[in-house]
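> Quick one: sequence and predicted model below, then my questions.
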Amino acid sequence: MAGSYDQISIFSGNSNPALVNEICEYLSIPRGRAEVFKFSNDNTFVRIGSSVRQDDVFVVQSFTTPVNDAIMEMLIMIDTLKRASAGRITAVIPYYGYGRTDKKDQPRVPITARLVAKLIVQAGADRVLTVDLHAGQIQGFFDIPVDEMSAMYLTAQYFVERRLRNPVVVSPDLGNTKRARNFADILECPLAIIEKRRIGNQDQSEALNLIGSVEGKQVVIVDDEIDTAGSITQAADVCLMNGATEVYATCIHPVFSGPAVARLTASPIKEVVVTNTIALPTEKVFGAAG
């Protein structure tokens, strides 16, 4: 019955152990013992190291590089916990990989965000807890309850405390306007928008137009994630060409794939503020705050 669980247990795969340790330390709960590794034939293996019978279990795993390994680890761990008679299993997904494939925007393409959701449900998860989905409608892909939390207020508070003299929030594309609008409300400043067009499926985009004014202002570019950093560095250039005095950038999920770090390091962006939903290896830390 709901509410009759013996205790809370927290487990994780290999995608973001530092975050899991911070969660456990904050809650004063020991991290659940589990072996999660690959055999030489590339098959993933999971073994839970303690009883979870009738426990309220949380499995924490960000779907980050290598994304497919992270997803398989979570699916196998959920199945393992289900077979070990866990009372309730909550899939905690700080970063939901494949979230950008949330619709058919061209012929003969998949909706992979929905496929991954179905796999999580089929594996045996009872609930999902996630942070700042790329698109809110992804919640509807699950046939179980979904709680979407937001770290936007944490990143916005950072800029509130910076006390920028004349800030303006900029959305790097039209689809991100609502998130940027909410961010601007917290900073009590105006909003501007970059109109852009994506070119094919090659992680390339072309910035076209600036809607609003940034002249003489300190720009804060707000997005949910930075992947290859093409869009956000183009947006920074557009803002400076239109009279901005400084450019900052912030996102929830620092994917930083491919040329992202090189682009951000070479860009005029003064500071990049991120969260720890994704574990950043040393080579991708270049003075980013967060």
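Structure received. Numbering: from 1, shown residues only.
> So in the protein, which helix runs the longest?
Counting by DSSP state H, the longest helix found in the chain is helix 67-83.
> mean confidence score for it?
Average pLDDT, helix 67-83: 98.
> can you check stretch 43-53 too?
Stretch 43-53 shows an average pLDDT of 96 in the prediction.
> Relative to the whole chain's centre, how far out is that stretch?
Taking Cα atoms, centre = their mean, to the nearest Å, one finds stretch 43-53 lying 26 Å from the centre of the chain it belongs to.
> With stretch 167-187 instead?
How far stretch 167-187 lies from its chain's middle: 17 Å, per Cα atoms, centre = their mean.
> What residues of stretch 153-165 count as buried?
Going by neighbour count (16 or more other Cβ atoms under 10 Å), the buried part of stretch 153-165 is 155-156, 158-159, 162, 164. C-beta: built from backbone N, CA, C; applies to glycine.
> Same check on stretch 30-48?
For stretch 30-48, the neighbour count (16+ other Cβ under 10 Å) marks 31-32, 34, 36, 44, 46, 48 as buried.
> Pick out whichever of those sits closest to N182.
Distance to N182 across these (Cβ to Cβ) is lowest for R31, with 33.6 Å.
> So the closest residue to that closest one other than its chain neighbours versus K104, what's the distance?
The shortest distance from R31 to any non-neighbouring residue, by Cβ to Cβ, 6 or more residues apart in numbering, is to C24 (4.7 Å). As judged by Cβ to Cβ, to the nearest Å, C24 and K104 stand 40 Å apart.
> Who has more neighbours out of these two?
The neighbour comparison of C24 against K104 (other Cβ atoms under 10 Å) goes to C24, with 16 against 10.
> how much space between V273 and V60?
V273 is 23 Å from V60, where distance means Cβ to Cβ.
> In the stretch 101-250 of the chain, what residue spans correspond to helices?
112-123, 152-162, 177-187, 230-241 (DSSP state H, counting those that start in this stretch).
> rewinding a little: quick one, which of V273 and V60 is more surrounded?
When V273 and V60 are compared for neighbours, V60 comes out ahead with 24 against 21, by other Cβ under 10 Å.
> How many residues are close by G99?
21.
> Not counting sequence-adjacent ones, nearest residue to it?
H134 (3.7 Å).
> Show the model's pLDDT score for that neighbour.
With respect to pLDDT, H134 scores 94.
> what about it, distance to T112?
12 Å.
> Poorly predicted segments of the stretch 151-290 of the chain, please.
197-207, 287-290 (pLDDT under 70).
> Right, I'll leave it there.
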